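Colleague: only geometry, no sequence info:
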């Protein structure tokens, strides 16, 4: 397998964690989102993923999968141990809801493309862009804090898809200096996951293309 990603992409970070949890290896191919206007926008990568986003996972069969949650659920179905979703349908739905709260509600508003649009099209300075970023993190985390079980992981005793999504989002929040004192459950879950090798190995600073 080949994983097209960028060390600082939280979506690629999720997939790296999932691969590590499953004990799977892949060739990492860096698609830098800042150099030369974004290597993801070059024809070579557009041919791999027409959406021009990372990650993309090229399977040994030649098929290419996109969208981090779809990739992770594929990995969970093909390599079911350890499972990232509970067996019970209601529990599975709850785990997916929390993961999507992060991946679909928080993350898209703070991704590179909208932040760049705020700067280039609306002329916002960095302070106002940071205020935008903080607002959506704080709003999302406020909801998430009340929904986590957090004993010790996001949904109980076992790592799930929620943890896989949460840790990269906390990493980004800290990088942008979002205050997290109001979220003791989130901070505790992040700390518990950080003790696991699969999460530590996936950290952005541990990637070959880290700057």
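Modeller: Structure received. All figures in this text were calculated on a predicted structure; none of them were measured in a lab.
Colleague: Mind splitting the protein into its structural domains?
Modeller: Domain ranges of the chain: 2-82, 89-199, per automatic domain parsing.
Colleague: Mind putting these into TSV with distance to residue 206?
Modeller: All C-beta atoms are positioned from the backbone trio N, CA, C, and that covers glycine. What follows is the domains of the chain, written out as TSV (distance: least, CB to CB, whole Å):
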stretch	distance to residue 206
domain 2-82	9
domain 89-199	10
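Colleague: Select, out of those domains, the one closest to residue 210.
Modeller: For the domains of the chain, proximity to residue 210 was assessed by CB to CB; domain 2-82 is nearest, at 4.6 Å.
Colleague: First-to-last residue distance for that closest one?
Modeller: With CA to CA, to the nearest Å as the measure, the first residue of domain 2-82 is 21 Å from its last.
Colleague: Go ahead and confirm residue 85 touches residue 160.
Modeller: Yes: between residue 85 and residue 160 a contact is recorded at 6.6 Å, counting by CB atoms under 8 Å.
Colleague: out of the domains of the chain, nearest to residue 211?
Modeller: domain 2-82 (7.5 Å).
Colleague: what mean pLDDT does that closest one have?
Modeller: In this model, domain 2-82 has an average pLDDT of 96.
Colleague: Report the separation between the residue lying farthest from the centre of the chain and residue 134.
Modeller: The C-alpha centroid of the chain is most remote from residue 123, which lies 27.7 Å away (CA atoms, centre = their mean). Residue 123 sits 19 Å away from residue 134, going by CB to CB, to the nearest Å.
Colleague: now residue 211
Modeller: 24 Å.
Colleague: all helices for this structure, in order.
Modeller: Secondary structure of the chain (DSSP state H): helices at 10-22, 43-46, 68-78, 89-100, 112-122, 126-147, 161-175, 184-194, 197-202.
Colleague: Among those helices, show the one with the smallest mean pLDDT.
Modeller: Taking the mean pLDDT of the helices of the chain, helix 112-122 comes last: a mean of 89.
Colleague: Return the angle between stretch directions for it and helix 126-147.
Modeller: Orientation check (axes from the mean of the first three to the mean of the last three CA atoms, to 10 degrees): helix 112-122 against helix 126-147 gives 140 degrees.
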